[in-house]
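> Sequence first, then the predicted structure:
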Amino acid sequence: MASEVQAVPGSPAWWASRTPAPAYRRGRPPMDAGRIVDKALELIDEVGIQALTLRMLADALNSGTATLYRHFEGKDELLALVADRILGEVRVEPEELDGLPWRESVTVAAKAFYGALGRHPNALSLLAAQVPVGPNGLRGRERLIGLLLGHGFSVGLAARSFTAIGHYVIGFAIQQYGPGTPHPEDRTQLRDYYRSLDPAAFPATMAAADELTSVPLDDEFLFGLDLLLDGLERARLDEPSGRTAVGPSLSASRSTRPRRGP
């Protein structure tokens, strides 16, 4: 009989097959899985994903690797939970969105998502590796799509809007905060490099040297987000009548508010 194919950690099949940790019988006292994931994220923030080992994590917890293996079969499973843990930091209180139009609400959620990613630059690759379908990823998806449906988006456009916003935020964060990306103090060097180019070959780049290197990152982020939302607004207005919605509670009400970002 062929051996059963093991689900890739972080995939929908893996999340669907997750079971509670086995009951404690002997050895060291049981440790809360959430505490292990939190400590793993702290270490990733300090040393990066590649440098993190289960032995390092166990030592930081004053425990042994056997305790970790009661919760995870290996590092890949741990990293899948770390990725979902980061999404759990994306919190938007309902009162922040009360009375706001859809695009302002989405902007608040996207900024919260971007802020959470910026706090964990060493872990950004985890969010780009797979579609986030853990508990926190699902909650964020449900709330933002629900918000868009409540503001008159069709199901199809709400889904595509969610995906586009998520891709934009994650992509921007990786480019600006990922390992090896330029620091703010490198902007002067980059500006001087642009200015030193051959004016016959790169006249436009030379002319825009200051603008390319002087805009604060937060302003760049909001500029791109506004362009994306402008396009989504046009798509919403151009949709034909009789759009498909999940149900009257979502299509007719604007009370659905996201607590977490994309």
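That came through, no problem. Keep in mind the model is a prediction, meaning the values are calculated, not measured.

> quick one, helices of the stretch 51-200 of the chain?
Here the stretch 51-200 of the chain has its helices, by DSSP state H, counting those that start in this stretch, at 54-60, 65-69, 75-87, 102-118, 124-129, 135-150, 155-177, 187-195.

> Now the most far-flung residue of the chain relative to its centre. Its backbone dihedrals?
In the chain, residue 200 marks the outermost C-alpha relative to the chain mean, sitting 41.8 Å out by C-alpha atoms, centre = their mean. Note on residue 200: backbone dihedrals following degrees, to the nearest 10 are phi -70, psi -30.

> Residue 35: what's it in contact with?
Residue 35 makes contact with residue 61 under the criterion C-beta atoms under 8 Å, 6 or more residues apart in numbering. The C-beta positions use only the backbone N, C-alpha and C, and glycine is treated the same way.

> Which of the helices or strands spans it?
helix 33-47 (DSSP states H and E).

> buried sites along that helix?
33, 36-37, 39-41, 43-44 (16 or more other C-beta atoms under 10 Å).

> Give the rounded mean pLDDT of it.
The pLDDT scores in helix 33-47 average 95.

> picking that back up, where does the residue farthest from the centre of the chain land on pLDDT?
97.

> how far away is it from residue 194?
15 Å (C-beta to C-beta, to the nearest Å).

> got it, and residue 150?
On the measure of C-beta to C-beta, residue 150 and residue 194 end up 45 Å apart.

> And residue 136, by the same measure?
41 Å.

> ditto for residue 72
With C-beta to C-beta as the criterion, residue 72 and residue 194 are 47 Å apart.

> the more surrounded of these two?
residue 72 (21 against 17; other C-beta atoms under 10 Å).

> ok, now which ones touch the more buried one?
Applying C-beta under 8 Å, 6+ apart to residue 72 gives the contacts 36, 78, 81.

> from memory the first one sits against residue 82, does it?
Which is residue 36. No - no contact is recorded between residue 36 and residue 82 when judged using C-beta atoms under 8 Å, the distance being 9.8 Å.

> just to revisit the earlier point, could I get the contacts of residue 72 as CSV with distance to residue 210?
Formatted as CSV, the contacts of residue 72 follow (distance: C-beta to C-beta, whole Å):
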residue, distance to residue 210
36, 48
78, 45
81, 44
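
> which of the residues you listed lies closest to residue 234?
Nearest to residue 234 among the contacts of residue 72 is residue 81, at 39.0 Å by C-beta to C-beta.
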